[in-house]
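J.: Sharing a sequence plus its predicted fold:
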Amino acid sequence: MTVTDHVRQLLALWGGNVAAVHRELVAEAEREGRAAVVPSLATMQRAVIRDLSAGERAGLRGGKGLRRRFDVYGKRPPTFRNACWEGDHKRVPVRVELDGAGVCPWVTWFVDVATKVIVGVAVTPHQPARDAVLAALRAGISRTGPYGPFGGLPGRVRVDRGKEFLCRAVTRALGAFAVPVEDLPAYTPYRKGTVEALNGALEEMLLVSLPGYTRRARPAGAHPSDPVDTLMPFAGFVKVLLDLSGLVEHRAPSGRP
């Protein structure tokens, strides 16, 4: 037996319940006078297991959310350099010293989807605004010194409804180069999985090893935060971040006021 399109439709209707689909097929065959052509339930169950992947079967039972646990999710066809950039902000869970106080910086960056290269970065000691987005864009688009050699003009930019990315100044700046901004639906981080993976890699590869990391486990009764005089200076953090990003010569601007 082969799982036909009709059987797939019935499986979707019955939430992947093979027994219910078998009863439906038997009832259809009896109405049409051809009961003998319906395979047994065991045969149908073997066919479903053979022809449908574990992800497809899970999706029939629980929808797309359950299917993603089994299948490779978010794959995109290969493309060319600068066809699409993804942009995002990340609040860095590391306290650094700035003017005698401890602050958690923010990173605003753009990454090329095809090559996974970080093309532009801006680091701010406060929640970023449109100036950070424009600074990171300038670093990514310009390839003359001190910027480059990566970057250029993107075919489009993909963001997730951040007001700083969608403000009039940014859309006008990209519109001058005829670069469309793709505003993704809310709560869909998988739609810009390249930059989200970069955010995770930053924390796993760098931030956990820095002094002042705020998510480090502490013994009960310990002081809630490291003293300011033990923290890394803000300028030192920017240099470490750019060293890891491969942007030492890129010299992405820091957004210190």
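T.: The structure has been received and is ready for your questions. For clarity, every value in this text was computed on a predicted model and none was experimentally measured.

J.: Could you use CA atoms for every contact and neighbour count after this?
T.: Will do.

J.: just the strands in the stretch 51-200 of the chain please.
T.: 85-91, 96-98, 101-103, 106-112, 118-124, 157-159, 181-183 (DSSP state E, counting those that start in this stretch).

J.: will you turn the ones you listed into TSV that also has mean pLDDT?
T.: As requested, the strands of the stretch 51-200 of the chain are exported to TSV (pLDDT from 0 to 100):
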stretch	mean pLDDT
strand 85-91	94
strand 96-98	93
strand 101-103	91
strand 106-112	94
strand 118-124	92
strand 157-159	93
strand 181-183	91
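
J.: Let me know which of those strands is tucked in deepest.
T.: Neighbour counts (mean count of other C-alpha atoms under 10 Å) averaged over each of the strands of the stretch 51-200 of the chain peak at strand 118-124, with a mean of 28.

J.: ranges for the helices of the chain?
T.: Under the criterion DSSP state H, helices of the chain are mapped to 5-13, 18-32, 41-51, 54-62, 64-67, 130-141, 168-175, 193-205, 234-245.

J.: other SSEs contacting the longest one?
T.: In this case it means helix 18-32. helix 5-13, helix 41-51 (3 or more C-alpha pairs under 8 Å, 6 or more residues apart in numbering; DSSP states H and E).

J.: can you redo these as TSV with mean pLDDT, distance to Leu210 and mean neighbour count?
T.: Formatted as TSV, those follow (pLDDT from 0 to 100; distance: least, C-alpha to C-alpha, whole Å; neighbours: other C-alpha atoms under 10 Å):
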stretch	mean pLDDT	distance to Leu210	mean neighbour count
helix 5-13	87	50	15
helix 41-51	90	49	15
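
J.: Next, format these as TSV and append distance to Pro154.
T.: Shown next, in TSV, are the helices and strands packed on helix 18-32 (distance: least, C-alpha to C-alpha, whole Å):
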stretch	distance to Pro154
helix 5-13	40
helix 41-51	41
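
J.: which ones are touching Ala47?
T.: Residues in contact with Ala47 (C-alpha atoms under 8 Å, 6 or more residues apart in numbering) are Met1, Thr2, Val3.

J.: Mind putting those residues into a markdown table with distance to Asn199, neighbour count and pLDDT?
T.: Converted to a markdown table, the contacts of Ala47 look like this (distance: C-alpha to C-alpha, whole Å; neighbours: other C-alpha atoms under 10 Å; pLDDT from 0 to 100):
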| residue | distance to Asn199 | neighbour count | pLDDT |
| --- | --- | --- | --- |
| Met1 | 47 | 14 | 71 |
| Thr2 | 44 | 12 | 79 |
| Val3 | 42 | 16 | 83 |
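
J.: From the residues you listed, pick the one nearest Arg138.
T.: Val3 (53.6 Å; C-alpha to C-alpha).

J.: gap between that closest one and Gly33?
T.: Counting by C-alpha to C-alpha, to the nearest Å, the gap from Val3 to Gly33 is 22 Å.

J.: circling back to that earlier point, so which of the helices and strands packed on helix 18-32 is nearest Val170?
T.: Using C-alpha to C-alpha, the nearest of those to Val170 is helix 5-13, at 44.0 Å.

J.: Contacts for that closest one, please.
T.: Contacts for helix 5-13 (C-alpha under 8 Å, 6+ apart): Asn17, Val18, Val21, Leu60.

J.: hmm, 10 Å instead?
T.: 3-4, 14-22, 24-25, 44, 48, 52, 57, 59-61, 63 (C-alpha atoms under 10 Å, 6 or more residues apart in numbering).

J.: Now tell me which helix or strand of the chain has the poorest mean pLDDT.
T.: helix 64-67 (a mean of 80; mean pLDDT, DSSP states H and E).

J.: how about it as CSV, C-alpha atoms only?
T.: Extracted C-alpha coordinates of helix 64-67, given in CSV (Å, rounded to 0.1, in the frame of the first residue of the first chain):
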residue,chain,number,x,y,z
LYS,A,64,3.6,22.6,13.2
GLY,A,65,4.9,23.2,16.7
LEU,A,66,5.3,19.4,17.4
ARG,A,67,6.6,18.7,13.9
